[in-house]
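Trainee: Need a 3D model of the following:
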Amino acid sequence: EKTMKYLNDVSYKDCVGKVCKSKSSGDFKILTCNGARNVEIQFLKTGYKTTVYLGSIRNGYVKDRYLPSVYGIGIIGDKYPSRIGGFTTKEYMLWMDMLKRCYSDTNVCDVSKKKYPTYEGCEVSENFKSYEYFYDWCQNQIGFGVKGWHLDKDLLIKGNKVYSESTCVFIPSAINSLLIKSDKIRGKHPIGVYWRNTKKAFVAQVNKSKGKPEYLGSFKTELEAFNAYKEVKENYLKEIANKWKSQIDIRAYEALMNYTVDIDD
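Mentor: Numbers count the residues shown, from 1 in each chain. Reported below is the predicted structural model:
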């Protein structure tokens, strides 16, 4: 039987001070060795220190948790777990989902980008690329972890493409659904407007809560129809803002109160 060739041929006696290679995280140095199950190493690129087994060193199966490892962008770090008791943490799921929307080029995600063009050209701020930072940020957010609430990047700054602590807020799906624009269904007319051939007129309608769209009337011009929609929609958003005022982040409340519907939405 052939003896296995180790990536790093080190022994317990003389390993301290040696620089070794890892399979995926670059070179590391062995700092101390207190037995085969307690070897302290430090990665040269990031300075990250960790304690590993000697066997893992020999095989090169040691990981630098401060290298971007998620979609080539996200840094997991060493502070918080991604799983607890076999279940992925809420923070990690949110973080992964956010990175996936922005940086995944797998087929799965191309589908999600085709379906939701709002994610085209999106990016994540430097801070949010760190799972540790994102985890801490989540703990201080109103609505984090509440069932049916979403991480939103569009309400505070309209048309925003960057996920960051100053642009993101958690909002309930009841509010989130009012802000989603379905360009595909709408066609060439402004938001809230469509041409009804039988009436030879432009019709304005608004979606409020989950019920049927509310008919706002027929108009001679697109602009008149749009203006009718705009007024009702903006007022409705203020109504919803006040309904949720005590539960949502003050930033979300103010954004809803000041929300303007534009003709090119």
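
Trainee: quick one: low-confidence ranges for the stretch 101-250 of the chain?
Mentor: Scanning the stretch 101-250 of the chain for pLDDT under 70 picks out the ranges 106-119, 182-186.

Trainee: the helices in it, which residues?
Mentor: Remark: helices assigned in the stretch 101-250 of the chain by DSSP state H, counting those that start in this stretch are 107-115, 131-139, 173-179, 183-186, 222-244, 250-257.

Trainee: From D27, how far off is G60?
Mentor: Distance, G60 to D27, by C-beta to C-beta, to the nearest Å: 10 Å. Heads up, the C-betas are built off the backbone N, CA and C, glycines and all.

Trainee: Please apply the same query to N258.
Mentor: On the measure of C-beta to C-beta, N258 and D27 end up 53 Å apart.

Trainee: Verify the stated contact: F28 with V39.
Mentor: No: look at F28 against V39 with C-beta atoms under 8 Å: they stay out of range, at 10.4 Å.

Trainee: what's the nearest residue to N160 once chain neighbours are set aside sitting at in phi/psi?
Mentor: Of all residues not flanking N160 in the chain, T167 sits nearest, at 5.0 Å (C-beta to C-beta, 6 or more residues apart in numbering). Note on T167: its backbone torsions stand at phi -110, psi -10 [degrees, to the nearest 10].

Trainee: Number of residues surrounding T167?
Mentor: 18 (other C-beta atoms under 10 Å).

Trainee: OK, contacts around it?
Mentor: Contact analysis of T167 by C-beta atoms under 8 Å, 6 or more residues apart in numbering lists 153, 156-157, 160.

Trainee: For these, which single residue is the most surrounded?
Mentor: Highest count within these by other C-beta under 10 Å belongs to K153, 21 neighbours.

Trainee: what residue is smack in the middle of the protein?
Mentor: By C-alpha atoms, centre = their mean, the chain has its centre lying nearest to M98, at 1.8 Å.

Trainee: so which strand or helix has that one?
Mentor: helix 90-103 (DSSP states H and E).

Trainee: ok, now which ones touch E132?
Mentor: Under the criterion of C-beta under 8 Å, 6+ apart, the neighbours of E132 are 75, 77, 79-80.

Trainee: again, only using 10 Å
Mentor: Going by C-beta atoms under 10 Å, 6 or more residues apart in numbering, E132 touches 65-66, 75-80, 91.

Trainee: Next: F87.
Mentor: M93.

Trainee: Against P81, how distant is it?
Mentor: According to C-beta to C-beta, F87 stands 10 Å off from P81.
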